[in-house]
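A.B. asks: I would like the atomic coordinates for the input below:
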Amino acid sequence: MQKRKAVSLMSGGLDSALATRIILDQGIDILGLYLSSPFGCHEDIVKVADSLGVPLKIVEKGSDYLDLIRNPKYGYGKNMNPCIDCRIYMFQMAQAVMDEVSADFIVTGEVLGQRPMSQRKNAFQIIDRDSEMEELILRPLSAKNLPPTKPEREGWVDREKLLAIAGRGRTEQLSMADALDLKGYSAPAGGCLLTDENFSERLSSFFKTRPKGSMAEARLLRYGRYFNLNEETFVLVGRDKEENEKLEELSLDEVKNGRMVFFKPDFAGPVAVLSGNFSATLSEALFGEVHKLIVRFSKRIPEWGMIRVSVGDGTPTSYLVHSSLELPVVHS
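C.D. replies: The predicted structure follows:
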């Protein structure tokens with residue numbers, strides 16, 4: 001009998017880890033697939049894959065994902081989370097990987113009734129149909145509550161060894177994880193940032209300011225304080241050492257390519273990243289607004305302090321700023 005292969009959508013959480021293990025135990029070869037997003041949890045997915053003994057492929061969602069969030073066909077669930085559209089998008093990405101590695105079907109850790117918008121029977125039908133993956137998406141944790149898929153009907157997997165979990169509780173999953181000695185998965189948490197009210201407000205403001213904003217900009221949005229400086233430009237100001245480091249790391253290439261501007265004080269203050277429409281010459285007044293924010297959120301600065309500004313590949317420009325929040329004086 002031909003050995004079958006599946007691609008398992010893995011999130012780093014318990015449900016997807018358990019679903020993967022159930023199918024592994026039926027002798028199916030598994031490729032773990034993690035779809036990276038600026039708005040997802042930062043899970044140690046490598047640790048989860050290693051604990052299961054499966055190879056892992058990490059693929060980043062593209063700029064078309066931002067277009068989907070701006071205008072989802074099936075609307076939003078909680079706050080700005082386009083639950084159904086997002087699942088369709090993810091399965092379409094998984095299908096491309098499935099074809100690439102000659103896999104036979106997709107595995108997912110979805111549980112019937114766990115999420116009110118995307119994990120209902122009729123939602124599953126819409127997702128499977130619109131992703132053009134009907135009967136090739138296997139949900140091992142709730143399979144016995146759903147019609148048999150092709151892998152079950154064809155005998156690639158034993159339906160009797162699949163589960164019939166439903167609802168929002170995790171008791172059965174946690175019990176099975178203990179019995180199977182599953183390790184590495186993350187505890188159930190808030191999950192996607194798109195379900196968070198405060199972040200959704202930030203993202204909505206970003207979309208208005210940057211209607212064609214990039215994924216590079218979107219990656220920065222989870223860090224720092226967010227301010228719109230005008231109709232096309234925004235700035236992020238770090239809140240602590242960790243955020244300062246992430247803002248610098250994630251903006252580095254964009255700054256080198258002249259698409260962002262990076263500000264770093266030589267006193268105990270936050271860094272800032274300026275992004276937006278730079279078709280016009282960057283003005284001293286615009287820099288001054290950023291400098292004011294840096295000084296405002298600094299714990300302590302001398303009467304005069306220096307801020308270095310990096311634009312493109314050129315030598316950073318230094319500006320001398322006064323603690324009274326006056327506009328910067330150019331330092332020669």
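
A.B. asks: Any regions of this protein where pLDDT drops low?
C.D. replies: Scanning the chain for pLDDT under 70 picks out 1, 41-43, 187-191, 278-282, 313-315, 325-332.

A.B. asks: quick one: the strands in it?
C.D. replies: 5-9, 29-36, 56-60, 105-107, 137-138, 225-228, 233-237, 260-265, 272-276, 304-311, 317-322, 329-330 (DSSP state E).

A.B. asks: what pairs with the third one, and is each one parallel or antiparallel?
C.D. replies: Think strand 56-60. strand 29-36 (parallel) (DSSP bridges).

A.B. asks: any chance of the strands of the chain in CSV, plus mean neighbour count and distance to Ile127?
C.D. replies: (C-beta placed from N, C-alpha, C; glycine too.) CSV is the format used below for the strands of the chain (neighbours: other Cβ atoms under 10 Å; distance: least, Cβ to Cβ, whole Å):
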stretch, mean neighbour count, distance to Ile127
strand 5-9, 24, 12
strand 29-36, 20, 15
strand 56-60, 14, 19
strand 105-107, 26, 11
strand 137-138, 26, 8
strand 225-228, 16, 32
strand 233-237, 24, 34
strand 260-265, 22, 36
strand 272-276, 25, 34
strand 304-311, 19, 44
strand 317-322, 18, 51
strand 329-330, 11, 56
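
A.B. asks: Using JSON lines, lay out the ones you listed together with distance to Ala123.
C.D. replies: Shown next, in JSON lines, are those (distance: least, Cβ to Cβ, whole Å):
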{"stretch": "strand 5-9", "distance to Ala123": "16"}
{"stretch": "strand 29-36", "distance to Ala123": "19"}
{"stretch": "strand 56-60", "distance to Ala123": "24"}
{"stretch": "strand 105-107", "distance to Ala123": "16"}
{"stretch": "strand 137-138", "distance to Ala123": "12"}
{"stretch": "strand 225-228", "distance to Ala123": "32"}
{"stretch": "strand 233-237", "distance to Ala123": "34"}
{"stretch": "strand 260-265", "distance to Ala123": "38"}
{"stretch": "strand 272-276", "distance to Ala123": "36"}
{"stretch": "strand 304-311", "distance to Ala123": "46"}
{"stretch": "strand 317-322", "distance to Ala123": "53"}
{"stretch": "strand 329-330", "distance to Ala123": "58"}
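
A.B. asks: out of those, which comes closest to Arg168?
C.D. replies: Closest to Arg168 of those is strand 5-9 (Cβ to Cβ; 19.9 Å).

A.B. asks: neighbouring contacts of that closest one?
C.D. replies: Outside strand 5-9, the residues that touch it by Cβ atoms under 8 Å, 6 or more residues apart in numbering are 16, 19-20, 23, 28-33, 35, 54, 90-91, 94, 97-98, 101-109, 138, 151.

A.B. asks: same thing with stretch 291-302?
C.D. replies: Contacts of stretch 291-302 (Cβ under 8 Å, 6+ apart): 225, 227, 235, 237, 239, 263, 265, 267-272, 305, 307, 319, 321, 323, 325, 327-328.

A.B. asks: Stretch 141-153 too?
C.D. replies: By Cβ under 8 Å, 6+ apart, the residues outside stretch 141-153 that reach it are 4, 6, 15, 18-19, 22, 104-105, 109-112, 121, 124, 135-139, 156-157, 159, 162-166, 173.

A.B. asks: How far away from the center of its chain is that stretch?
C.D. replies: 29 Å (Cα atoms, centre = their mean, to the nearest Å).

A.B. asks: So what would you say the end-to-end distance of it is?
C.D. replies: Taking Cα to Cα, to the nearest Å, stretch 141-153 runs 17 Å from one end to the other.

A.B. asks: Buried ones in that stretch, by neighbour count?
C.D. replies: 141-146, 149, 151-152 (16 or more other Cβ atoms under 10 Å).

A.B. asks: Just the ones of those residues in helices?
C.D. replies: Among these, the residues falling in helices (DSSP state H) are 151-152.

A.B. asks: Out of the buried residues of stretch 141-153, which is nearest to Arg219?
C.D. replies: Of all the buried residues of stretch 141-153, Arg219 sits closest to Leu141, with 31.2 Å by Cβ to Cβ.

A.B. asks: Would you agree Met176 is in contact with Ala17?
C.D. replies: No - counting by Cβ atoms under 8 Å, Met176 does not reach Ala17; the two are 10.4 Å apart.

A.B. asks: which residues do those two both contact?
C.D. replies: By Cβ under 8 Å, 6+ apart, the residues touching both Met176 and Ala17 are Leu182.

A.B. asks: Counting neighbours around each, name which of these two comes out higher.
C.D. replies: The residue with more neighbours, out of Met176 and Ala17, is Ala17; 29 against 17, by other Cβ atoms under 10 Å.

A.B. asks: what about the more buried one, distance to Leu24?
C.D. replies: 10 Å (Cβ to Cβ, to the nearest Å).
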